[in-house]
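*Asks:* Here is a sequence with its predicted model. Questions after.
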Amino acid sequence: MTTDEKKAIPEHIDDKLFTVKYKCDEQTHLKPNQQDCKNCAEKQCTIVCPANVYEFDKEQDKLLVGFENCLECGACRIICPAGTLDWKYPKSGCGVTFKYG
């Protein structure tokens, strides 16, 4: 990586997320068990996800999943206290592409 390329790498997470490309599949690769999510007191996935993929909507009483923003890091699967988040990599040709490696 050249010096100019190093200088071009953003420092703030929101700026870094802007450099990520995502090719959406027709179906989500993230399938939380909604009943477990309702019963989860801490909703840790909404905190740990660096791309803010998860949001718990109190009015709908369900976890909303913006899978098109997923960085495929697996933090949500690891942190889920119920261990029932069905998480798979997107099918071949879909998913995240990082600009800087």
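*Replies:* Here it is on my side, so go on. Numbers count the residues shown, from 1 in each chain.
*Asks:* Just give the nearest non-adjacent residue to the residue nearest the centre of the chain, would you?
*Replies:* Against the mean C-alpha coordinate of the chain, by Cα atoms, centre = their mean, the closest residue is residue 70 at 3.1 Å. Leaving aside its chain neighbours, residue 70 sits nearest to residue 53 (5.2 Å; criterion: Cβ to Cβ, 6 or more residues apart in numbering). Bear in mind the C-beta positions are built from the backbone N, C-alpha and C, glycine included.
*Asks:* now swap in residue 97 and tell me
*Replies:* residue 21 is the one closest to residue 97 (Cβ to Cβ, 6+ apart), at 4.4 Å.
*Asks:* ok, which stretches of the protein are helices?
*Replies:* Ranges of helices within the chain are 3-8, 13-18, 34-39, 45-48, 75-79, based on DSSP state H.
*Asks:* now for the shortest one, which elements pack on it?
*Replies:* This means helix 45-48. strand 54-57, helix 75-79 (3 or more Cβ pairs under 8 Å, 6 or more residues apart in numbering; DSSP states H and E).
*Asks:* Redo the ones you listed as CSV? Include distance to residue 28, mean neighbour count and mean pLDDT.
*Replies:* CSV is the format used below for those (distance: least, Cβ to Cβ, whole Å; neighbours: other Cβ atoms under 10 Å; pLDDT from 0 to 100):
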stretch, distance to residue 28, mean neighbour count, mean pLDDT
strand 54-57, 12, 16, 96
helix 75-79, 12, 17, 94
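*Asks:* Sounds good, over and out.
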